[in-house]
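Peer 1: mind folding the following:
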Amino acid sequence: MTTIPVLPNHADHVLVASPSSVVRQRVLESLIPRARSVEQACGGAEALVHLENGYWQVLFLDRRLPDLDAEELSQTVRQLYPAVEVVLLDGESDGSSRQSVAPAVLPSTPCHGSPSQSGDHRDPNQSDQASDEQNGDQDAHHAGYKNPSDDFAAACDTLPGMIGSSAVMQPVYRMANLVAPRETTVLITGPTGSGKELVARALHQLSPRATRAFAVVNCAAIPETLLEAELFGYTRGAFTGALQSYAGRIQTAHLGTLFLDEIGDMPLSLQPKLLRFLEQKELQRLGSSQVVRVDARVVVATNVDLLTLVGQGKFREDLYYRLSAFPIAVPPLAERPGDIVELAAHFLKQFSRCLPPPVLSRDAAAQLQAQSWPGNVRELQNAIERALIVADGEPVIRPAHLVLSNGRALGAAAGDRTSSSGTAMRAF
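Peer 2: Numbering: from 1, shown residues only. Below is the predicted model of the structure:
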C-alpha cells in the first residue's frame, strides 16, 4: 500500500529527490495538478544544485539517497534554505518492483516567517521529536563519520588551505563540506590555476582518511607509455628497465585518497582499467596475474569539459558518469574579485622575509582587482612574488612594483599616485 505525501497548502514549487524512478513518479502523480512547478533529482548533490539555482518551497527527500545522508542533508537544507519545507520519504521494498512511499514531515521555518502561510501538517505524536530536531538535538551521526552539519554555517566560510570568502566560493565550500566525510568519487572542474588541487586536499583533510596518504597523479605530466606503470605498478622484469617491483600510485593511496589531476588527458587505452578499479576496487600490476585489493577514495580534477571529450570519442562515457558522481565547479579568479586583496595579502605573508610583511597600497589593490587574471590564483601568486622582489624591502607594495606575466608593469599604465609612506591597505 502506498501512502501519498500530503502537499502543504503553500507549495507551488516542489522538488522531489530520490534514486528510484518509481518513488519519484508516484510523488509526482500525487502532486499534479496542485503544484505549478515540479522538478526531479536522482540524488542529494543534484537536489542541492536545484536548490542553489531556483526557487523551491517543498523538498520531498528519499531517505535512501545514493550519495548523501538524507538526515544530514535535511538539516543542511533547513540551515541554508530556511523557507524550504523538507519532507522525508521512506521508500521500502516489498519484494517486488513496487515501493511504498511514506512521508515524514520535518519541522521547517514557515514561508515569509508567517505561521498562517505555511500551515502545520505534522502528526501531533511527532511534536516532541520535531522540537528536538529543530533545536539541533537529533543525533544523525554515522559510525566512523563526522556530521558535516555540525557548525555548518561556520564550516562553509572556507576550506582548509583555501583563502577567500566571496559569495561565488560559498557553493564550493558547501558542497565540499557535505561530501568530504563520504566515500563518493568527486569531480572537481575549473580553469588552470583556480585551486582545484587545494579543494582536493581539503576533501582529504576533512575526511576520515585524513591521517592516511594523499597520492597525487598528474595525468598530463606523465608520458602515456609510463602512466600505466606509474598508476598500477609493475613487477620485477615486467619490461626492460624494471629492475625491481613497484607498487604504483594507486596502491600507495590504500586507506587514503587518490587524486588524479587533469583526468581528461588520461589515454583512452588506460580508461577501461581505471574504470575497473573504480568499480571493483582491485588492480593488477604489470607483469603479474595477482589481483590486489585497494581501498582508496578517488578525487579527480580537470580543466576541460569531459562531456565534450566524450562526444569527440576521447573519453569513455561510462567512465565519465562514474567519475562525475559529485561534481564541484571552482570559479575563475575573475569571478571572485572580492578575494583578490585577501589572497594578495596572504601571498605577501608567505613570500616576504620581513616582519611585519609589506602591505598593498590602495592603488595597487585597485589595480589587482581590475585585472582579468587568465592564469587565475597561480598568476596572482606569481605577481605578488615578483612585486616583493621589485619592492626590495619597501614596506608598501605600489602599482609600479606589480608586473604581470606578460612583463607589463601596472604602474606604467595607471600611474603611481601613492608613495611608500602613503595610504596602504592591509587585508589581515
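
Peer 1: show me what contacts Ala210?
Peer 2: By CB atoms under 8 Å, 6 or more residues apart in numbering, the contact set of Ala210 is His204. Where you see a C-beta, it was placed from the backbone N, CA and C, and this is true even at glycine.

Peer 1: if you set the cut-off to 10 Å instead, what comes out?
Peer 2: Each residue near Ala210 by CB atoms under 10 Å, 6 or more residues apart in numbering is listed here: Pro160, Ala180, Leu203, His204, Gly256, Thr257.

Peer 1: so which of those are in helices?
Peer 2: Leu203, His204 (DSSP state H).

Peer 1: how about the contacts of Ala210 in a markdown table, adding pLDDT?
Peer 2: A markdown table is the format used below for the contacts of Ala210 (pLDDT from 0 to 100):
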| residue | pLDDT |
| --- | --- |
| Pro160 | 90 |
| Ala180 | 94 |
| Leu203 | 96 |
| His204 | 95 |
| Gly256 | 93 |
| Thr257 | 95 |
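
Peer 1: how about the contacts of Ala210, which pair is most distant?
Peer 2: Pro160 and Gly256 (15.9 Å; CB to CB).

Peer 1: look at the two and report which has more neighbours.
Peer 2: Gly256 (19 against 14; other CB atoms under 10 Å).

Peer 1: that one contacts Arg212, doesn't it?
Peer 2: Yes. The pair Gly256 / Arg212 is scored as a contact, 3.4 Å apart, by CB atoms under 10 Å.

Peer 1: got any residues that touch both of those two?
Peer 2: Joint contacts of Gly256 and Arg212 (CB under 10 Å, 6+ apart) are His204, Asp295, Ala296, Arg297.

Peer 1: can you pull the contacts of Glu335?
Peer 2: So Glu335 contacts Ser166, Ala167, Val168, Met169, Ser194 (CB under 10 Å, 6+ apart).

Peer 1: and stretch 216-229, end to end?
Peer 2: One end of stretch 216-229 sits 15 Å from the other (CA to CA, to the nearest Å).

Peer 1: quick one: contacts of that stretch?
Peer 2: Stretch 216-229 is contacted from outside by 197, 200-201, 230-231, 234, 238-239, 241-242, 246, 248-250, 253, 257-270, 273-274, 285-287, 299-303, using CB under 10 Å, 6+ apart.

Peer 1: which positions in that stretch come out as buried?
Peer 2: Taking 16 or more other CB atoms under 10 Å as the neighbour-count basis, stretch 216-229 is seen to contain the buried residues Val216, Val217, Cys219, Ile222, Leu227, Glu228, Ala229.

Peer 1: also stretch 336-356?
Peer 2: Burial within stretch 336-356, assessed by neighbour count using 16+ other CB under 10 Å, is assigned to Arg336, Asp339, Ile340, Val341, Leu343, Ala344, Ala345, His346, Phe347, Leu348, Phe351, Ser352.

Peer 1: I'd like the average pLDDT over it.
Peer 2: Per-residue pLDDT over stretch 336-356 has a mean of 89.

Peer 1: keeping just the C-alphas, turn it into CSV.
Peer 2: What follows is stretch 336-356, C-alpha atoms only, in CSV (Å, rounded to 0.1, in the frame of the first residue of the first chain):
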residue,chain,number,x,y,z
ARG,A,336,35.8,36.5,-7.4
PRO,A,337,37.4,40.0,-7.3
GLY,A,338,36.4,40.3,-3.7
ASP,A,339,39.0,37.6,-2.8
ILE,A,340,41.9,39.2,-4.7
VAL,A,341,43.2,41.5,-1.9
GLU,A,342,42.8,38.8,0.7
LEU,A,343,44.8,36.4,-1.5
ALA,A,344,47.4,39.0,-2.2
ALA,A,345,47.9,39.7,1.5
HIS,A,346,48.2,36.0,2.1
PHE,A,347,51.0,35.7,-0.5
LEU,A,348,52.7,38.8,0.9
LYS,A,349,53.0,37.0,4.2
GLN,A,350,54.0,33.8,2.6
PHE,A,351,56.9,35.2,0.5
SER,A,352,58.1,38.1,2.5
ARG,A,353,61.3,37.9,4.5
CYS,A,354,60.3,41.0,6.5
LEU,A,355,58.3,41.2,9.8
PRO,A,356,55.8,42.7,9.5
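
Peer 1: I'd like the distance between the closest residue to Asp62 other than its chain neighbours and Ser165.
Peer 2: Distance criterion CB to CB, 6 or more residues apart in numbering; nearest residue to Asp62, sequence neighbours excluded, is Ser18 at 3.5 Å. Going from Ser18 to Ser165 by CB to CB, to the nearest Å gives 34 Å.

Peer 1: domain parsing of this protein, as residue ranges.
Peer 2: For the chain, the structural domains run 13-134, 167-329, 335-425, going by automatic domain parsing.

Peer 1: backbone dihedrals for Lys285, please?
Peer 2: Residue 285: Arg, not Lys. The phi and psi values for Arg285, taken as degrees, to the nearest 10, are phi -70, psi 160.

Peer 1: burial count for it?
Peer 2: 22.

Peer 1: what pLDDT does the model give it?
Peer 2: pLDDT, read off for Arg285, is 85.

Peer 1: ditto for Ala130
Peer 2: For Ala130, pLDDT reads 38.

Peer 1: same question, Thr3
Peer 2: Listed pLDDT for Thr3 reads 49.

Peer 1: where do the strands sit along the stretch 251-400 of the chain?
Peer 2: Using DSSP state E, counting those that start in this stretch, the strands of the stretch 251-400 of the chain run over 257-261, 282-284, 291-293, 297-302, 326-329, 359-361, 396-397.

Peer 1: which residue ranges form the helices in the stretch 101-250 of the chain?
Peer 2: 115-118, 127-134, 152-155, 170-179, 196-205, 224-232, 249-252 (DSSP state H, counting those that start in this stretch).

Peer 1: hang on, Val86 packs against Glu72?
Peer 2: No. Val86 sits out of contact with Glu72 when judged by CB under 10 Å, with a separation of 11.7 Å.

Peer 1: before we move on, the earlier item: select only the buried ones of the contacts of stretch 216-229 in PyMOL?
Peer 2: Buried members of those, defined by 16+ other CB under 10 Å, are picked up in PyMOL with:
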select buried, resi 197+200+201+230+231+234+238+246+248+249+250+253+257+258+259+260+261+262+263+264+265+266+274+285+286+299+300+301+302+303
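
Peer 1: in stretch 184-204, what's buried?
Peer 2: Across stretch 184-204, burial judged by 16+ other CB under 10 Å covers 184-191, 193-204.
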